[in-house]
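1. This is the structure alone, sequence omitted:
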């Protein structure tokens, strides 16, 4: 009987572990997780979408070799509140090495650089350097409320 109970407990633990394996348990029926940010990589398409939807464009100028850029990807862009707020914008990622002409147009010299544009491509706000989720939200909220901002702080 003792062996049977041990096997039953082991079986129960194993099947419970297998059924949850690989599944994120971060959602509930009342609070589904915000989907990943649908970043565009085509600058012109982002402007067209912004014009069609009457939204502002948020540009993430980054480089694959940039440590702070990767940290923003892991921390800032993974933040639930940031993902929710980015739904109010047309988000576009510009790899400065692959899209040098766009980076040059805006004078990008350091990464990461976050820039908010109107639907015609006019800069409304710029922030250079790593931004924590709360700092990133502050930039988005400042511009959405009608303000402009330039921040050249590199962290």
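-> Structure received. Note that the structure is a prediction, hence the values are computed from the model and not measured. Numbering: from 1, shown residues only.

2. per-residue pLDDT, the residue nearest to the spatial centre of the chain?
-> In the chain, the residue lying closest to the centroid (Cα atoms, centre = their mean) is residue 77, at 2.9 Å. The model reports residue 77 with a pLDDT of 97.

3. which ones are touching the residue lying closest to it once chain neighbours are set aside?
-> Distance criterion Cβ to Cβ, 6 or more residues apart in numbering; nearest residue to residue 77, sequence neighbours excluded, is residue 37 at 5.9 Å. No exception for glycine: its C-beta is placed from N, CA and C like everyone else's. Shown in contact with residue 37 (Cβ atoms under 8 Å, 6 or more residues apart in numbering): 77, 83, 86, 91.

4. Distance check, residue 37 against residue 73.
-> 10 Å (Cβ to Cβ, to the nearest Å).

5. Please apply the same query to residue 40.
-> Taking Cβ to Cβ, one finds residue 40 at 16 Å from residue 73.

6. Next: residue 96.
-> Distance, residue 96 to residue 73, by Cβ to Cβ: 15 Å.

7. Three-state assignment for residue 35, please.
-> Judged by DSSP: H, G, I helix; E, B strand; the rest coil, the three-state class of residue 35 is coil.

8. Ok, residue 83 next?
-> Judged by three-state DSSP, the three-state class of residue 83 is helix.
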